[in-house]
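[1] quick one: sequence and predicted model below, then my questions.
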Amino acid sequence: MGIYRIYFKFVAIFLIIIFCGYFIISLKYPSSLNDINQKARFLQIEETIKRYSASVACKQPNIPLNSPEIIEYIKDVAPINCNSTIDWVKCKNSECFIKEEIEMQKGKIRCSFTDILRRDDFALNDGDTTNSDSYYKLEASDNVKVKCTSFDNTKWQSVLTGIRLNREIWDRSGWGYVPKNGLMLNVLMFGFDSLSRNTFIRKLPKSYDYLSNYLRGLVLQGYNIVGDGTPQALTPILTGRTELELPDVRKRFTNTQTVDVYPFIWKDFQENGYVTGFLEDLPYTGIYQYRLKGFSNPPTDHYMRPYYLAISKEFEKWPRLCVGETPRHKVMLDYIEQFFAVYKSKPKFLFGFHGELSHDDYNLIGAADNDLLDFLKNLEKSGILDNTVLILMADHGPRFSKIRNTIQGKQEERLPFFSFRFPEWFKRKHQKIYDNFVSNLNTLTTPFDIHATLKDILDFQSPDVGSLENRSISLFSK
């Protein structure tokens, strides 16, 4: 027994020494160890991909829409009612104006307009203040604090947003700067958090029917995620890489960079004549701010994060899910329409992502069906879709609802909704690659393939037949 005690004591001391040595090294060289681990994991992933590239390793599951184990969790929700409050001022495109009906009720109204300026992704500054009794033009910022007083000393205040026409952006953008092999399309990507393909059909039936049957949108039946969570789902779409392959931008490590270093696809579009936009509605759990360091500089020409940082402090004074008289999800939809109106003649790339209704609640997204339907109809009626590829999508399926505890719920979490809608002229002019796209609707596709497809929209380079040796294949290739 004494020999065994000595042996185990020796082993314990050895392990303690190894642990302490690793701990000391990790304190002195944290990023180096992290880089080594990342590179090792990346190489392992690459080897696995190559090993199985020529084999049939995945069979699409049959996911019934009305499975009994799912249906029991599906509930109808009441519409979002914001009628108990009335806004005094509205912004549309680059102009904010006092509403005539309010002046008729309240008499003469005087308002102060204070520009909201972005310091970084986590802080804002107040800009200049202008007083007016009728009108204010957005020039220094898309966002403005408004405080109004009526003739009878009634007060109203809010934070408003619109799209300022930035002359510098206007002058450096245009179709003449787009690569000659570009497909000459605007790109409008709009997504919801945590919607599987089946969830979209169940909870947004009017929008799905209009998209599929009237707009003739194409829904990817084999789209599958490659990681857990929103950053892991969206980063490969937007950069073509996983987080492990990119520079470390995590908050909890020292000597890491900000997310500006990521090679986002919108940078490529911006450098080739496009006006760009990035919209996200949950500033305190942002895709690139919750766990990562965020952006030092605005990532796109128009960036909605400053608005949501400012307005979130006002939410408690309004009914749930409202901003004044407007449902909160509709603010983003309106902003998208205004973005396309202000830069109507310019090529545009916009990525919008809404999470509040669907991240934590399976059923609440149903309250947005009518508004999403109206949004799609407005895009079609206004002519925006005449030269725009509409990409309506989600990052992944439900992760935090009770449905996730079912067998089918676990499968649906891996199968988000993803759709494309092309203009009719595009189908005729580019029939070959459009036919290739249609042929891929039922094949296994991933975020990497979406990235390759976006690159082709900007500058078409893909072969007619893709290679399984590659991690990504454009949906325009067979």
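    That came through, no problem. Numbering: from 1, shown residues only.
[2] could you check how far the residue nearest to residue 122 when sequence neighbours are not counted is from residue 463?
    Taking C-beta to C-beta, 6 or more residues apart in numbering, and ignoring the residues beside it in sequence, residue 122 has residue 294 as its nearest neighbour in space, at 6.6 Å. From N, CA and C alone the C-beta is placed, and that goes for glycine too. With the distance defined as C-beta to C-beta, to the nearest Å, residue 294 ends up 38 Å from residue 463.
[3] quick one: which of these two has more around it?
    With neighbours defined as other C-beta atoms under 10 Å, residue 294 and residue 463 compare such that residue 294 has more, 20 against 11.
[4] mind checking how far that one is from residue 173?
    Applying C-beta to C-beta to residue 294 and residue 173 gives a distance of 25 Å.
[5] again, but for residue 70
    With C-beta to C-beta as the criterion, residue 70 and residue 173 are 46 Å apart.
[6] go on, residue 360?
    38 Å.
[7] just the C-alpha atoms of stretch 404-420, please, in CSV.
    The C-alpha coordinates for stretch 404-420 follow below in CSV (Å, rounded to 0.1, in the frame of the first residue of the first chain):
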residue,chain,number,x,y,z
ARG,A,404,-36.3,22.4,-28.8
ASN,A,405,-36.9,19.6,-26.3
THR,A,406,-38.6,17.4,-28.9
ILE,A,407,-36.9,15.1,-31.4
GLN,A,408,-38.3,17.1,-34.3
GLY,A,409,-37.5,20.4,-32.6
LYS,A,410,-33.8,19.4,-32.4
GLN,A,411,-33.8,18.7,-36.1
GLU,A,412,-35.6,21.9,-37.0
GLU,A,413,-33.1,23.9,-35.0
ARG,A,414,-30.5,22.9,-37.7
LEU,A,415,-32.8,23.7,-40.6
PRO,A,416,-33.5,27.5,-40.8
PHE,A,417,-35.7,29.2,-43.4
PHE,A,418,-33.7,30.5,-46.4
SER,A,419,-35.2,31.9,-49.6
PHE,A,420,-34.3,33.9,-52.7
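[8] what's in contact with it?
    Applying C-beta atoms under 8 Å, 6 or more residues apart in numbering, the contact partners of stretch 404-420 are 61, 63-64, 67, 69-70, 192, 195-200, 211, 217-220, 223-225, 233, 389-399, 401-403, 437, 445, 450, 475.
[9] could you flag which of those residues are buried?
    For these, a burial check counting by 16 or more other C-beta atoms under 10 Å picks out 63, 70, 192, 195-200, 211, 217-220, 223-225, 233, 389-399, 401, 403, 437, 445, 450, 475.
[10] now intersect these with the strands, please.
    Residues of those located in strands (DSSP state E): 192, 218, 219, 389, 390, 391, 392, 393, 394.
[11] of all these, which comes closest to residue 308?
    residue 192 (16.0 Å; C-beta to C-beta).
[12] dig out what that closest one forms beta bridges with.
    residue 354, residue 394 (DSSP bridges).
[13] for it, give me its contacts.
    200, 353, 354, 355, 357, 358, 365, 394, 417.
[14] now tabulate those in a markdown table and tack on distance to residue 86 and pLDDT.
    Listed next are the contacts of residue 192 as a markdown table, based on distance: C-beta to C-beta, whole Å; pLDDT from 0 to 100:
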| residue | distance to residue 86 | pLDDT |
| --- | --- | --- |
| 200 | 33 | 96 |
| 353 | 30 | 98 |
| 354 | 25 | 97 |
| 355 | 28 | 95 |
| 357 | 23 | 95 |
| 358 | 28 | 91 |
| 365 | 27 | 96 |
| 394 | 34 | 97 |
| 417 | 35 | 97 |
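[15] so in the protein, which strand runs the longest?
    The chain, longest strand under DSSP E: strand 109-120.
[16] so what's the most centrally placed residue in the chain up against?
    In the chain, the residue lying closest to the centroid (C-alpha atoms, centre = their mean) is residue 353, at 3.0 Å. By C-beta under 8 Å, 6+ apart, the contact list for residue 353 reads 190, 191, 192, 193, 234, 279, 280, 281, 287, 395.
[17] again, but for residue 466
    473, 474, 477, 478.
[18] could you report the distance from it to residue 451?
    For residue 466, the distance to residue 451 - C-beta to C-beta - is 13 Å.
[19] ok, now residue 137?
    38 Å.
[20] look at these two and report which has more neighbours.
    More neighbours surround residue 451 than the other of residue 137 and residue 451, with 21 against 17 (other C-beta under 10 Å).
[21] what's the pLDDT at the nearest residue to the more buried one once chain neighbours are set aside?
    Of all residues not flanking residue 451 in the chain, residue 240 sits nearest, at 4.1 Å (C-beta to C-beta, 6+ apart). At residue 240, the predicted lDDT confidence score is 96.
[22] and residue 158, which of the three is it?
    strand (DSSP: H, G, I helix; E, B strand; the rest coil).
[23] list the beta-bridge partners for it.
    Counting by DSSP bridges, the residues bridging with residue 158 are residue 146.
[24] count the residues that sit near it.
    Around residue 158 there are 20 residues (other C-beta under 10 Å).
[25] these two touch, right, it and residue 146?
    Yes: counting by C-beta atoms under 8 Å, residue 158 does reach residue 146; the two are 5.7 Å apart.
[26] mutual contacts of the two, please.
    Joint contacts of residue 158 and residue 146 (C-beta under 8 Å, 6+ apart) are residue 89.
[27] give the contact list for the closest residue to residue 175 other than its chain neighbours.
    Among residues not flanking residue 175 along the chain, residue 347 sits closest, at 5.6 Å (C-beta to C-beta, 6+ apart). Applying C-beta under 8 Å, 6+ apart, we find residue 347 in contact with 173, 174, 175, 178, 184, 186, 269, 273, 274, 275.
[28] can you turn the buried part of those residues into a PyMOL selection?
    Per 16+ other C-beta under 10 Å, the buried members of the contacts of residue 347 correspond to this PyMOL selection:
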select buried, resi 173+178+186+269+273+274+275
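[29] format the contacts of residue 347 as CSV; extra columns: distance to residue 413.
    Putting the contacts of residue 347 into CSV (distance: C-beta to C-beta, whole Å) gives the following:
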residue, distance to residue 413
173, 39
174, 42
175, 40
178, 37
184, 37
186, 31
269, 30
273, 38
274, 33
275, 35
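[30] in strands only, show me the contacts of residue 347.
    Checking these against DSSP E, those in strands are 186, 275.
[31] and the furthest pair within the contacts of residue 347?
    The widest separation within those (C-beta to C-beta) is 14.9 Å, between 184 and 275.
[32] any low-confidence regions in this structure?
    Within the chain, the segments meeting pLDDT under 70 span 1-58.
[33] ok, 80 please
    Per-residue confidence for the chain (pLDDT under 80) gives these ranges: 1-62, 400-404.
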